[in-house]
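Quick one: sequence and predicted model below, then my questions.
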Amino acid sequence: IQSHNLSISSGSHNSNMSLSGNYFKQDGVIINTGFERYSGRLNIDHDITEKLKIGVFLTGSLINAKVAPNGVV
């Protein structure tokens, strides 16, 4: 199993930003099987006024699953 994470955060008086990414890989017990995932997230917050705040939250992932054919034990 491999799992790697990376996060970056930054901010100022009115704005905050956070960016993170993840990689996960697990080999299967049968030859040529396994699971692999890449994922990421982006958060941005900005205070427009004291009473108004806007935010953007984006997330995504890419999955590659190699499963054994039916009937293979």
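Done, it's in.

Tell me where the model's unsure across this protein.
For the chain, the stretches flagged by pLDDT under 70 are 71-73.

ok, which stretches of it are strands?
Applying DSSP state E to the chain gives strands spanning 2-11, 15-27, 34-47, 53-66.

quick one: L42 from A68, how far?
36 Å (Cβ to Cβ, to the nearest Å). Any C-beta I mention is one placed from the backbone N, CA and C, and that applies to glycine too.

Show me what stretch 15-33 is in contact with.
For stretch 15-33, the external contacting residues (Cβ atoms under 8 Å, 6 or more residues apart in numbering) are 1-11, 34-47, 66-68, 72.

What of stretch 53-66?
28, 32-48.

Stretch 42-49 too?
By Cβ under 8 Å, 6+ apart, stretch 42-49 touches 14-19, 53-59.

go with 7 Å
Under the contact criterion Cβ atoms under 7 Å, 6 or more residues apart in numbering, stretch 42-49 has outside partners 14-19, 53-58.

List the buried residues of it.
Within stretch 42-49, no residue counts as buried by 16 or more other Cβ atoms under 10 Å.

Bridge partners for L42, pull those for me.
L19, L58 (DSSP bridges).

Begin at 41, not 1, for the rest of this chat.
Yep, numbering from 41; the last one is L82 now.

and the gap between it and G95?
Distance from L82 to G95, by Cβ to Cβ: 11 Å.

what's near enough to touch L46?
Counted by Cβ under 7 Å, 6+ apart, L46 has contacts 60-61.

hmm, try it at 6 Å
G61 (Cβ atoms under 6 Å, 6 or more residues apart in numbering).

is it in a bridge, and if so with what?
Going by DSSP bridges, L46 forms beta bridges with G61.

Tell me how many other residues surround N54.
The burial count assigned to N54 is 11, neighbours taken as other Cβ atoms under 10 Å.
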